[in-house]
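[1] Make a model of this:
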Amino acid sequence: MKSHSFPRALVLAAAFTACSYSLFATPAAPAKKPVLHIDNSPVNDGHSAVVTSYADVVEPVQKAVVSVYSKKTVREHVSANPMLRQFFGDIPDQEQERKEEGLGSGVIISPDGYILTNNHVVEGADELKVGLSDDREFIAKVIGTDPKTDVAVIKIEAENLPTITLADSDKLRVGDVVFAVGNPLGVGQTVTSGIVSAKGRNQLGLLENGYESFIQTDAAINMGNSGGALVDAKGRLVGINSAIISTSRGSIGLGFAIPINLASSVLQSLIETGTVTRGFLGVSAQTVPAEDAEALRLPKGTHGTMITDVTPGSPAEKAGLKRGDVVLSYNGRTATTWEELRLMIAETMPGTKVKLAVSRDGKPLSFEASLDKFDEKPDELIPGVNATVLTPDLRRRLVIPTRFSGLLITSVDENSPYREQLIPNILIVQIDREDVTDLASAKAALTPGRHMMYVFFRGALRVLRIEIL
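    Numbers count the residues shown, from 1 in each chain. I've put the predicted structure just below:
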């Protein structure tokens, strides 16, 4: 649960309780892609009839929604009691383990057992079990996860499973009837109804540095509903239930689901490669406030995203984009806010040529850029070790002689396999007798195998030998 200074809580709708179980290993992703059933027509033609029951719509959906039970090991550092240390000397701290059991939901999207759910439902799990609507249970394996969108794909070994048809979530309208299907609070499969309350909700703080574009609904969503289906009045999947905003951790009509168009694009990448590859344009930007539109010479009523910085050598710079340009559309889609533009770029595969309509000093211009691959960890030198080029300010602060240059280690993750050898404020001067000048060349030099580094640390130049796994 994530809290804020105002009296509300952002709750990822999955529950955990203490328990004791065995380990489970996550296997590699298979290459076979599932066949998805997609119906991209609008939910109605604008002429709604009186409906007294949705039972026929909901019944097949229930068969395709599953319960996901996760088990994971939690390790805790426990300090010895100060009173005991006073009488018995230096008693070492203890590491304790406990098991947690989690509950969530999922949606079967292919007859051979691919299931869409949330990343936070399966994150850190040692074992996963899936319960079907016909009471059958299967052990599941993780195919891939994407914390940036809170999407995960798992698979069970079964055939001829009931599936759900995917809709086009871009065609949803505020006011459309929707149903949330899942296993809230472990009471068993439950269906709740409501409407689409809003679309494109972002800046909620649910996904740290992630891509938020949530469907908001007042259909009741509670803990355990995570990963379940949000379906329209035709029984088609429009979203994956993910979170709620609540003052009590219970439903108050502010539920959020990941649009299926976004989840589906992530799903395909996870199944093919086990990871998600995103496009990179190379701009920083901000939404143009209404009061600044006139100063930027934008036509009245025009919305856009103003570029505040362009990364040197990036696709944006090569295309001719400049600071102060206002992006009006991306591949023909309106870029009303920076969050929208950022998501559009992320959803585009690297190598794709994209067209941007731009206003520069009030003049309409058109640019074409070929996207690069987005680096999720731009400062990571080797797994868990972040570094940056030594700057004059860092040199002064750490009292590093001017004859030494290179990469300064800024942080080392506690789970990094290199945490025993590398620590913050070590300056890497050479790798295998070659001067270190930038992060990209240093990454390229550190291939698997043994390497020798010259490092400067605490006033002395030292030799460090490191094995890259």
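
[2] which residue sits closest to Phe256 in space, ignoring its chain neighbours?
    Counting by C-beta to C-beta, 6 or more residues apart in numbering, Phe214 is the residue found nearest to Phe256 once chain neighbours are left out, at 4.0 Å. Quick note: C-beta positions are derived from backbone N, CA and C, even for glycine.

[3] So the one you found is in contact with Gly205, correct?
    No. Taking contacts as C-beta atoms under 8 Å, Phe214 lies outside contact range of Gly205: 11.6 Å.

[4] more neighbours, these two?
    Shown here are Phe214 and Gly205; by other C-beta atoms under 10 Å, Phe214 has more neighbours (23 against 13).

[5] From Leu328, how far off is the more buried one?
    As judged by C-beta to C-beta, to the nearest Å, Phe214 and Leu328 stand 24 Å apart.

[6] Gly228 now?
    37 Å.

[7] the more surrounded of those two?
    More crowded of Gly228 and Leu328, by other C-beta under 10 Å: Gly228, with 34 against 21.

[8] Kindly list the main-chain dihedrals of that one?
    In terms of degrees, to the nearest 10, the main-chain angles of Gly228 are phi -80, psi -180.

[9] if I pick it, what's in contact with it?
    By C-beta atoms under 8 Å, 6 or more residues apart in numbering, Gly228 lies in contact with Val65, Gly104, Ser105, Gly106, Val107, Ala180, Val181, Gly182, Asn183, Ile240, Asn241.

[10] The residues you listed, buried ones only, as a PyMOL selection?
    In PyMOL, a selection of the buried entries from the contacts of Gly228 looks like this (16 or more other C-beta atoms under 10 Å):
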select buried, resi 65+104+105+106+107+180+181+182+183+240+241
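
[11] can you map out the helices along this protein?
    Under the criterion DSSP state H, the chain contains helices at 55-64, 82-88, 119-122, 260-273, 315-319, 338-347, 392-398, 439-445.

[12] Deepest in the core, which of those is it.
    Mean neighbour count (mean count of other C-beta atoms under 10 Å) peaks for helix 119-122 among these, with a mean of 25.

[13] Report the distance from it to the chain centre.
    Averaged C-alpha coordinates place helix 119-122 at 11 Å from its chain's average position (C-alpha atoms, centre = their mean, to the nearest Å).

[14] Restricting to C-alpha, output that helix in PDB.
    What follows is helix 119-122, C-alpha atoms only, in PDB (Å, rounded to 0.1, in the frame of the first residue of the first chain):
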ATOM      1  CA  ASN A 119       3.100  -7.800 -11.700                       C
ATOM      2  CA  HIS A 120       2.400  -7.100  -8.100                       C
ATOM      3  CA  VAL A 121       0.400 -10.300  -7.800                       C
ATOM      4  CA  VAL A 122       3.400 -12.500  -8.700                       C
END
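
[15] Show me what it is packed up against.
    When contacts are defined as 3 or more C-beta pairs under 8 Å, 6 or more residues apart in numbering; DSSP states H and E, helix 119-122 sits against strand 65-78, strand 94-108, strand 137-146, strand 151-155.

[16] Comparing those strands, which comes out most buried?
    Buried most deeply of the helices and strands packed on helix 119-122, by mean count of other C-beta under 10 Å, is strand 151-155, with a mean of 27.

[17] Could you tell me the average pLDDT over that strand, please?
    Throughout strand 151-155, pLDDT has a mean value of 97.

[18] Tell me which strands that strand pairs with, and in which orientation.
    In the sheet, strand 151-155 lines up against strand 114-118 (antiparallel), strand 137-146 (antiparallel) (DSSP bridges).

[19] For Ile195, find the nearest of those.
    Proximity to Ile195, assessed across the strands paired with strand 151-155 by C-beta to C-beta, is greatest for strand 114-118 (22.4 Å).

[20] which outside residues touch that closest one?
    Applying C-beta under 8 Å, 6+ apart, the contact partners of strand 114-118 are 12, 14, 34, 66, 68, 104-109, 130, 140, 143, 150-156, 226-227, 240, 242, 258, 263, 267, 271.

[21] tell me the mean pLDDT for that strand?
    pLDDT averaged over strand 114-118 gives 97.

[22] again with stretch 32-50
    Per-residue scores along stretch 32-50 average to 76.
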